[in-house]
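> sequence below, structure please.
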Amino acid sequence: MSELLLEHKVESGQVIQVREGNIVTEQCDVIVNAANSQLKHNGGVARAISEAGGHLIQYESDKWVKQVGEVEVGSVAVTTGGMLSCAYIYHAVGPVWGNGSHTEDFDLARVITRCLMMAQEMPTQSIAFPAISSGIFRMPKEVCAKVFIETILQWFKCWPHSAVREVRLVNIDTEMSNAFLNEINKLQ
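Numbers count the residues shown, from 1 in each chain. Sure thing, here's the model as predicted:
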């Protein structure tokens, strides 16, 4: 499992954890995948999740696209966790960075919120996110961290009695982990 760097608890008892390590090793209900709209898990976090979870993940992803169509930016597709310890994988499509002149912040916040709402409906107690859009989609790490922390805290405020009690931000990239830490430290 990943290393816990910081845990921030809000008044409702819900927590945000910043963790460093490989998301595929997380023991939680849902793992979020930073996906592309075709759900082709060829690189980055998506590849790591698909490889660790087995062929079933790509099979179910291909079936989703065939039945429902490509996943739009800000939307989420769901598959089982395959051989991972989670029950579900949420394949979340974040925005590609366009210098912040479009709706990237809004689109990232929308996909984070959508994942949290879906988790609440399951119901799910724990969900692990990678830093969606910060890799090959080129969103600056500081912007990504700010949007994540603000969105999660706002969601906790709106849903204090949700079954979702723990949101983990899990990254193998120390620079990204530090961006999350810096954003949470601003709250102190």
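> bridging residues for the spatially most central residue of the chain?
The chain has Phe129 as the residue nearest its centroid, 2.7 Å off, counting by C-alpha atoms, centre = their mean. Here Phe129 sits in beta bridges with Leu169, as judged by DSSP bridges.
> tell me the contacts of it?
Counting by C-beta atoms under 8 Å, 6 or more residues apart in numbering, Phe129 touches Val32, Ile112, Cys115, Phe148, Val167, Arg168, Leu169, Val170. Heads up, the C-betas are built off the backbone N, CA and C, glycines and all.
> just for this protein, where's the confidence low?
Within the chain, the ranges that satisfy pLDDT under 70 run 100-101.
> try it again at 90.
1, 43-44, 96, 98-103, 122-123, 135-138, 187-188 (pLDDT under 90).
> where do the helices sit along it?
Taking DSSP state H, the helices of the chain run over residues 44-53, 55-68, 104-121, 141-158, 174-185.
> could you check the angle helix 55-68 makes with the first one?
An angle of 120 degrees separates the directions of helix 44-53 and helix 55-68 when computed by axes from the mean of the first three to the mean of the last three C-alpha atoms, to 10 degrees.
> before we move on, what about the fourth one?
Angle between the axes of helix 141-158 and helix 55-68 is 80 degrees (criterion: the same axes, to 10 degrees).
> and helix 141-158 with helix 104-121, angle?
40 degrees.
> which helices and strands does helix 141-158 pack with?
strand 15-20, helix 104-121, helix 174-185 (3 or more C-beta pairs under 8 Å, 6 or more residues apart in numbering; DSSP states H and E).
> I'd like these as JSON lines, with distance to Tyr59 and mean neighbour count appended.
Putting the helices and strands packed on helix 141-158 into JSON lines (distance: least, C-beta to C-beta, whole Å; neighbours: other C-beta atoms under 10 Å) gives the following:
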{"stretch": "strand 15-20", "distance to Tyr59": "29", "mean neighbour count": "21"}
{"stretch": "helix 104-121", "distance to Tyr59": "21", "mean neighbour count": "20"}
{"stretch": "helix 174-185", "distance to Tyr59": "30", "mean neighbour count": "18"}
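> of the ones you listed, which approaches Lys141 most closely?
helix 174-185 (4.2 Å; C-beta to C-beta).
> which strands or helices does the closest one pack on?
strand 3-9, strand 15-20, helix 141-158, strand 166-171.
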